[in-house]
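> Okay, here's the prediction I keep looking at, along with the sequence it came from:
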Amino acid sequence: MTIGIILLIIALSEIGLGLKFLLSVPRNQTTVFYGLFAFGSAVYVGGNSFGYLGWPISVQLAESLGWVGGALATIFFLPFSFSFPIARRSFRELWTVVIWPLLVFVPGFLVTDLFINQRALSRFGEGYETASGPYMWVFILFLIVYWSWSIYNLVLSYRKLDGIHHKQLQIILFGTMISLSATLFMDVYIPLTQVSHIAYVGSLFTVVWLGSSTYILLKK
């Protein structure tokens, strides 16, 4: 119950961050895609919080929301990496890398068994193991490609720019690598291979991620 409450507070805070950036004036590519990334993180953490709180929401739906949130965060971080600190692609070009995974993974996790078998889950509080569907490998490949691409974009900018942008990218890269490593290991790899009692740790690490990036963007 305590873990669930902590995760719910984090999820609500991430919703607040998302609104702050999406409603910021003037809006630009960085604020739009970072705000959407924050919302994706909120869905990921919120889905896990529902599972640990034991609220009247099915365990299947709670885990599905967690996977959908992870997909959304992955989807929107890539265009953000093209936009910060200097936009290198147009909105039209960036949306081409967003639309197809939205159409594939969001309904895929919520209403089908293609990526996770929604009939073979145990209670979150007792630990849980993800029963992968026949096309889970497609999602794993998507995660690898999109996160590698995002980090490559940030590293490329880091190597090309100097001054304040260099320091900003250094902090964002640090937060991204720490949080991404913990999240993928704790909430993707372990539940796919064994029963996990500590998958919530990945959700907790989103605080490092969003905290470091938000600090940089607000100080920008």
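Cool, the structure landed.
> Name the residues that touch the helix or strand of the chain with the lowest mean pLDDT?
Lowest by mean pLDDT, DSSP states H and E among the helices and strands of the chain is helix 206-219, with a mean of 74. Contact partners of helix 206-219, identified using C-beta atoms under 8 Å, 6 or more residues apart in numbering, comprise 10, 14, 17, 21, 30-31, 34, 38, 41, 44-45, 84, 168, 171-172, 174-176, 178-180, 183. Every C-beta, even on glycine, is put in place using the N, C-alpha and C of the backbone.
> Which among those count as buried?
Buried subset of the contacts of helix 206-219 (neighbour count, 16 or more other C-beta atoms under 10 Å): 10, 14, 17, 21, 30-31, 34, 38, 41, 44-45, 84, 168, 172, 175-176, 179-180, 183.
> Count residues in the vicinity of the nearest residue to residue 130 once chain neighbours are set aside, would you?
Residue nearest to residue 130 in three dimensions, not counting chain neighbours: residue 191, with 4.3 Å by C-beta to C-beta, 6 or more residues apart in numbering. Neighbours of residue 191 under the rule other C-beta atoms under 10 Å: 22.
> just checking, residue 191 touches residue 129?
Yes - between residue 191 and residue 129 there is a contact under C-beta atoms under 8 Å: 5.7 Å.
> Quick check: buried residues in stretch 136-151?
136, 139-140, 142-143, 146-147, 150-151.
> Which helix or strand lies directly C-terminal to the helix or strand containing residue 30?
In the assignment (DSSP states H and E), residue 30 maps to helix 29-53. Remark: after helix 29-53, the chain's next helix or strand is helix 59-83, criterion DSSP H and E.
> Next, the angle helix 206-219 makes with the helix holding residue 30.
With axes from the mean of the first three to the mean of the last three C-alpha atoms, to 10 degrees defining the directions, helix 29-53 sits at 150 degrees from helix 206-219.
> Give the other helices and strands that helix 29-53 contacts.
helix 2-22, helix 59-83, helix 91-111, helix 200-204, helix 206-219 (3 or more C-beta pairs under 8 Å, 6 or more residues apart in numbering; DSSP states H and E).
> Cool, thanks, signing off.
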